[in-house]
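Chemist: with the sequence up front, the predicted model follows.
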Amino acid sequence: MKKSTARTLAALLAAAFLFACACVPEREKRTATFFDYFDTVITLVSYSDKAAFDEAAAAAEEIFSSLNKLFDIYHEYDNVVNLAAVNRMAGERTEVDPAIAELVSAGKEYFELTRGAVNIAMGAVLRLWHDARINAEEDPEHASLPDEAALAEAAKHCSIDDVIVEGNTVLLRDPEMSLDVGAIAKGYAADRVAEKLGEMGVSFMLNCGGAVLTNGKKPGGEDWIAGIADPAAAGEGFAAKVAVDSAALSTSGSYLRSFTVDGKTYGHIIDPATLRPAEGTASVSVLCVGISAMTADALSTACFVLGAGIGGELIEGVEGASALFVLPSGEKIASGGFPER
Ligand code: AMP
Ligand code: MG
């Protein structure tokens, strides 16, 4: 080959290589954050190329948006029969979207699994605590606790046996009762989104307000690592880190939503036995391998209510589940071989 021909070929090959490089999609870390759903922050992280990531993020947002409307207990929307409507129609059988029927049925099962610690039929009681917290946020000077007599009255209308799901209908047999699915809805939504992104062939880590799910690995075959926030550090620093390998991790913590009355802080997770915020734990993270994020979500709320002792026993009895309890002192208690790194 003549020198000049070789030089031309080399130049052409170099150009072709550059062109090929330009055509290989960049696999940089991409993040989408959603602020408008489930009253929480949702993040999706993936190393896909831009077009694939944008498509995945749009698909995720569509699912979050639609489930957020269906599971909203505070607002109704045009042309949607959601849980706020089901609650308003208590006493009458209501035709619902299959997602609502599925979520409510699961809620009934979680009542059994968690020995009543998670009760989605406790809407009447939870509403009083929710209103007290919102009032406290709006007017901290006049923050007050729910009225004891009102709590006792509300507690008469929280029987899970009065929640009847048949096909795609829900009947709240007690007209005074209402549903609150806050303990499991984020996990359900995370599962639905993960299912869709899995079908699209995307590797990702999704964090839906504390319900974390992953699919596949990071580039180079590394596991996705989720940080468990240090409950004492107001959003900074980690109590632990854990590899979430095609598994779900759910964290419940009183530091996430609380209010203060006379110098005492009250969390948003209510113990059905006392009708007051559960105390004794700062946060609980439950890792579920081969189980849904919804189950992890239910178990983390249950463990927060039950505490490290009984909650730990509950976790030991669920195959694939393990938990890390962080106590208010900062002490950490792991159950079921929680794989803290
Ligand atoms: P999570 O963040 O998953 O632990 O769920 C907390 C949310 O679940 C609260 O904001 C309430 O809406 C609801 N909730 C609180 N306590 C309970 C309980 N004992 N059973 C069922 N739902 C609860
Ligand atoms: Mg939960």
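Modeler: Alright, I've got the coordinates. Numbering: from 1, shown residues only. Ligands and ions are numbered 1, 2, ... in the order given.

Chemist: just the CA coordinates for the helix ranked longest in the chain, please, in PDB.
Modeler: The helix that spans the most residues within the chain, counting by DSSP state H, is helix 293-316. C-alpha atoms of helix 293-316 as PDB (Å, rounded to 0.1, in the frame of the first residue of the first chain):
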ATOM      1  CA  ALA A 293     -42.100  -2.700  47.400                       C
ATOM      2  CA  MET A 294     -45.700  -2.400  48.700                       C
ATOM      3  CA  THR A 295     -45.000  -5.200  51.200                       C
ATOM      4  CA  ALA A 296     -41.800  -3.500  52.200                       C
ATOM      5  CA  ASP A 297     -43.800  -0.300  52.600                       C
ATOM      6  CA  ALA A 298     -46.400  -2.000  54.800                       C
ATOM      7  CA  LEU A 299     -43.700  -3.800  56.900                       C
ATOM      8  CA  SER A 300     -41.700  -0.600  57.500                       C
ATOM      9  CA  THR A 301     -44.800   1.200  58.800                       C
ATOM     10  CA  ALA A 302     -45.800  -1.800  60.900                       C
ATOM     11  CA  CYS A 303     -42.300  -2.100  62.400                       C
ATOM     12  CA  PHE A 304     -42.400   1.600  63.300                       C
ATOM     13  CA  VAL A 305     -45.600   1.000  65.200                       C
ATOM     14  CA  LEU A 306     -44.400  -2.300  66.800                       C
ATOM     15  CA  GLY A 307     -40.900  -1.300  67.600                       C
ATOM     16  CA  ALA A 308     -37.700  -3.300  67.400                       C
ATOM     17  CA  GLY A 309     -38.800  -6.100  69.700                       C
ATOM     18  CA  ILE A 310     -42.200  -7.200  68.200                       C
ATOM     19  CA  GLY A 311     -41.400  -5.600  64.800                       C
ATOM     20  CA  GLY A 312     -38.200  -7.600  64.700                       C
ATOM     21  CA  GLU A 313     -40.100 -10.800  65.400                       C
ATOM     22  CA  LEU A 314     -42.500 -10.000  62.600                       C
ATOM     23  CA  ILE A 315     -39.600  -9.500  60.200                       C
ATOM     24  CA  GLU A 316     -38.000 -12.800  61.200                       C
END
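
Chemist: flag every residue of this protein that's near ligand 1.
Modeler: Neighbours of ligand 1 within the chain, by C-beta under 6 Å from any ligand atom: 117-120, 122, 126, 180, 182-183, 252, 268-270, 272, 297, 300-301, 304-305. Every residue, glycine included, has its C-beta placed from N, CA and C.

Chemist: those in helices, which ones?
Modeler: Among the residues of the chain next to ligand 1, the members falling in helices (DSSP H) are 126, 297, 300-301, 304-305.

Chemist: next, format those residues as TSV and append pLDDT and neighbour count.
Modeler: Output for these, formatted as TSV (pLDDT from 0 to 100; neighbours: other C-beta atoms under 10 Å):
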residue	pLDDT	neighbour count
L126	98	25
D297	98	33
S300	98	31
T301	98	25
F304	98	30
V305	98	27
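
Chemist: possible to save these as CSV with distance to Y188?
Modeler: Output for these, formatted as CSV (distance: C-beta to C-beta, whole Å):
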residue, distance to Y188
L126, 18
D297, 8
S300, 14
T301, 13
F304, 18
V305, 19
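
Chemist: show me which pair in those is furthest apart.
Modeler: Farthest pair in those (C-beta to C-beta) is L126 and S300. Separation: 16.6 Å.

Chemist: helices of the stretch 101-250 of the chain, residue ranges please.
Modeler: In the stretch 101-250 of the chain, the helices defined using DSSP state H, counting those that start in this stretch lie at 123-138, 148-154, 185-199.

Chemist: which other helices and strands does the shortest one contact?
Modeler: Applying 3 or more C-beta pairs under 8 Å, 6 or more residues apart in numbering; DSSP states H and E, we find helix 148-154 packed against helix 123-138.
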